[in-house]
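K.L.:
Output the structure for:
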Amino acid sequence: MRTGLGRLNGSMRAERLAPPRSDSGNSVPLFRIIFLSTAIVVLGVVAILQYRWNSQIRAASEANVGTNLESRMIKWHLDFYGEFSTICVALQIGPDSGERDSWEDYLHRYARWNRAARSTSRIENLYVNPDLVKDIYVWETSRVLGPRLLRLNAEQERIEDFAISPEMRPLLSYLQKYSSTLQVALRAWAGDTNPNELRRKFGNASPSYLLRSNAETGWQFDETIPALVHPIFHYVHHGQAASNKLSPNSPVDWVVVALNLETIRQRILPELMQQYFSNNQGLEYKIAVVAEGKPSRVLYTSDAGFGEQDLASFDSVMNVFGPPPESTEGHLWQAEKRAALVKGEDWRRFSSPVWFPIIQRTPDTGFWALVLQSRKDPPDAAVVKVWHSNLYIGELLLLLLLATVVQLVVVAERAKKLARLRMNFVASVSHELHTPLTVISSAAENIVDGFARSETRLVEHGSIIKGQAHRLKRLVDQILLFSSIENGKLRYMQRHVEGRELVECVRAHAAAATAGASFTIEEHIDANLPSVMGDFEALSQCLENLITNAVKYSGRSRWIGILVETRILENLDRELRISVQDRGIGIDRTELARVFKAFFRSSRVVAAQIRGTGLGLAIAKHIAEGMGGYISVTSELEVGSTFTLHLPVLAVSGASPLLANEETEELGNEGQHTFSRR
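P.N.:
Residues are numbered from 1 along each chain as shown. Presented below is the predicted three-dimensional model:
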């Protein structure tokens with residue numbers, strides 16, 4: 001049978017040999033890694049899809065902007081065409097190329113059109129500009145006696161011979177070259193083509209077919225003068241009766257409509273530009289009409305110097321008269337017009353529907369182009385800005401979503417870790433509660449069973465019961481205090497606390513914590529310590545926790561240092577410092593920031609089987625901050641740790657903080673003392 005004391009000691013040894021608790025378990029579960037990786041992949045796919053969708057929306061929006069601008073240019077083009085085409089319509093040169101008409105018929109039509117143009121009351125005169133037509137000539141190239149130039153005088157309604165002017169001579173000579181047949185004449189615009197080749201290629205085609213396949217009416221445009229020309233038959237010169245038809249291989253004459261370039265420049269173009277490209281503030285774009293060639297000519301410009309640049313530098317360019325009907329560009333244009341949407345950058349460089357093929361009299365002959373340049377940003381700049389804005393907002397939202405997912409994972413992991421810490425805390429508290437309860441129970445059993453009959457044994461067992469009960473009470477009080485802190489119910493009753501009161505409190509706690517053990521306590525205490533504002537009971541609990549912590553982790557050194565002093569801060573305020581030092585196992589540098597967290601216990605401490613709940617330092621930190629101070633710590637592994645309580649000193653009435661501190665330091669140096677106790 002074991003003795004009572006042996007049973008008591010055995011129960012205590014069993015508690016000390018309890019298996020250590022591990023604070024590991026920090027590894028992230030595999031399913032969390034898979035979840036996070038999957039979320040990142042999904043968000044990456046969404047980001048790619050979002051970029052593609054935004055790019056498609058941007059392309060559609062840019063095409064829409066381009067289509068709107070192109071539509072305005074086409075409407076401008078139609079009105080410009082209307083200005084040119086009224087005289088062509090008035091002369092009524094039909095699919096038979098005027099085979100049944102005489103020169104007098106053209107004269108009367110021209111005179112009637114000219115008179116009607118002077119009246120503004122008729123709706124059909126919408127595009128009638130008599131000033132646009134400078135002169136109308138008949139260039140008789142089919143005469144046996146030689147070519148002759150006739151002028152249609154609309155004012156006097158007569159036909160008169162007219163001398164060829166130097167500016168007209170190059171065009172008339174060119175037309176005479178291509179007047180052998182109607183098939184050749186209708187392709188006079190194809191400058192470098194040999195007339196004999198044209199005759200062989202289209203010799204069997206009817207005139208009406210040729211007219212339908214070439215700009216619909218057979219009119220051609222010379223951009224140099226400028227002038228509109230049309231080949232015509234004149235049966236009078238060929239001795240044909242009115243009832244007979246001429247052969248497609250018969251020679252032709254020409255109607256030449258000379259246009260007034262100044263009217264185009266100074267009236268027609270400015271009016272059309274204001275109509276289609278202006279707002280309340282004026283013209284939205286810099287606009288010019290340029291005759292391309294060598295050299296290029298600016299026919300009209302809205303801003304001085306604009307239009308002289310290369311065509312590639314403008315926002316949008318339209319070939320005003322369009323490409324030749326048989327060209328690849330002409331067919332491409334017609335296909336684009338049938339499409340529902342102008343795609344890509346086609347709206348920047350395009351040709352209008354074919355009007356009149358331009359006569360290529362020289363290699364340097366060019367075309368007329370309408371060019372636009374935005375006065376502010378390019379037409380599609382607003383679309384690009386919106387695209388960038390949508391893209392950035394979408395990316396930001398995806399990043400926020402990713403951050404939320406990561407935060408959820410982190411929070412879940414922290415919650416799991418906190419739950420694990422709480423479970424460890426419950427286990428630690430259970431262990432801490434079980435130890436004194438076991439000792440008290442064993443001591444009581446010894447007394448009841450009669451193993452403590454002598455007075456000495458009774459006193460010994462009573463002392464054991466008292467000490468363990470005090471330990472149990474302290475543990476319960478600490479748990480209740482932490483619960484009050486967590487619930488926000490802890491209230492401090494602050495008052496003036498003298499420095500000497502705190503010194504006595506430190507000494508009392510140190511004596512109680514080291515009672516029955518061989519400890520060396522070394523003190524360095526300044527004399528005339530100042531007062532602080534605080535709750536004495538709370539400060540006592542804070543200091544008790546610091547001293548208990550030092551005793552617990554002092555290791556084999558069994559040494560504790562206590563330093564109480566007053567220091568001046570950089571802002572000349574003073575503080576009272578109470579430092580508790582040990583020469584124990586120390587704290588790893590990576591764990592210094594975590595030692596004040598509730599429930600935290602280092603794996604080295606757990607492995608060393610040092611009992612504790614992980615609440616002492618957390619409670620001390622909360623109390624220090626409640627008094628307006630804080631706790632700092634310095635530590636080195638296997639060297640020891642120093643925990644310092646910093647408390648603000650009350651201001652000294654009638655003296656500067658510097659003077660008060662100097663006096664304190666002087667008294668402190670005189671009254672400082674050191675002693676050891678075992």
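
K.L.:
Let me see the backbone angles for the nearest residue to Arg349 once chain neighbours are set aside.
P.N.:
Using CB to CB, 6 or more residues apart in numbering and skipping residues adjacent in sequence, the residue nearest Arg349 is Val317, 5.3 Å away. Where you see a C-beta, it was placed from the backbone N, CA and C, and this is true even at glycine. Dihedral angles phi and psi of Val317 (degrees, to the nearest 10) take the values phi -130, psi 130.

K.L.:
Now do the same contact list for Val317.
P.N.:
With contact set as CB atoms under 8 Å, 6 or more residues apart in numbering, Val317 has these partners: Leu311, Arg348, Arg349, Phe350, Ala369, Leu370, Val371, Leu372.

K.L.:
at 10 Å what do you get?
P.N.:
Going by CB atoms under 10 Å, 6 or more residues apart in numbering, Val317 touches 73, 290, 292, 311, 347-351, 369-372.

K.L.:
ok, of those residues, which come out buried?
P.N.:
Met73, Val290, Glu292, Trp347, Arg348, Phe350, Ser351, Ala369, Leu370, Val371, Leu372 (16 or more other CB atoms under 10 Å).

K.L.:
Closest one of those residues to Val551?
P.N.:
Checking the buried ones among the contacts of Val317 against Val551 with CB to CB, the nearest one is Arg348 at 85.5 Å.

K.L.:
what's downstream of the helix or strand hosting Ile57, the next helix or strand?
P.N.:
In the assignment (DSSP states H and E), Ile57 maps to helix 30-91. Note on helix 30-91: by DSSP H and E, the next helix or strand toward the C-terminus is helix 103-117.

K.L.:
Now do that next one: distance to the chain's middle.
P.N.:
Mean-position distance between helix 103-117 and its chain equals 66 Å (CA atoms, centre = their mean, to the nearest Å).

K.L.:
Extract the C-alpha trace of that helix and format it as PDB.
P.N.:
Provided in PDB are the C-alpha atoms of helix 103-117 (Å, rounded to 0.1, in the frame of the first residue of the first chain):
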ATOM      1  CA  TRP A 103     -27.900  70.800-131.800                       C
ATOM      2  CA  GLU A 104     -31.000  73.100-131.600                       C
ATOM      3  CA  ASP A 105     -32.700  70.600-129.200                       C
ATOM      4  CA  TYR A 106     -29.700  70.800-126.800                       C
ATOM      5  CA  LEU A 107     -29.700  74.600-127.100                       C
ATOM      6  CA  HIS A 108     -33.400  74.800-126.200                       C
ATOM      7  CA  ARG A 109     -33.100  72.400-123.300                       C
ATOM      8  CA  TYR A 110     -30.100  74.400-122.000                       C
ATOM      9  CA  ALA A 111     -31.900  77.700-122.300                       C
ATOM     10  CA  ARG A 112     -35.000  76.400-120.600                       C
ATOM     11  CA  TRP A 113     -32.900  75.000-117.700                       C
ATOM     12  CA  ASN A 114     -31.100  78.300-117.400                       C
ATOM     13  CA  ARG A 115     -34.300  80.200-117.200                       C
ATOM     14  CA  ALA A 116     -35.800  77.800-114.600                       C
ATOM     15  CA  ALA A 117     -32.600  78.000-112.600                       C
END
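
K.L.:
got a list of what the nearest residue to Tyr137 once chain neighbours are set aside touches?
P.N.:
Spatially, and ignoring its direct neighbours in sequence, Tyr137 is nearest to Val256 (4.3 Å; CB to CB, 6+ apart). Counting by CB under 10 Å, 6+ apart, Val256 touches 135-139, 149-151, 168, 171-172, 175, 222, 225, 227-230.

K.L.:
Ramachandran coordinates for Val256?
P.N.:
Backbone torsions of Val256, given as degrees, to the nearest 10, read phi -120, psi 120.
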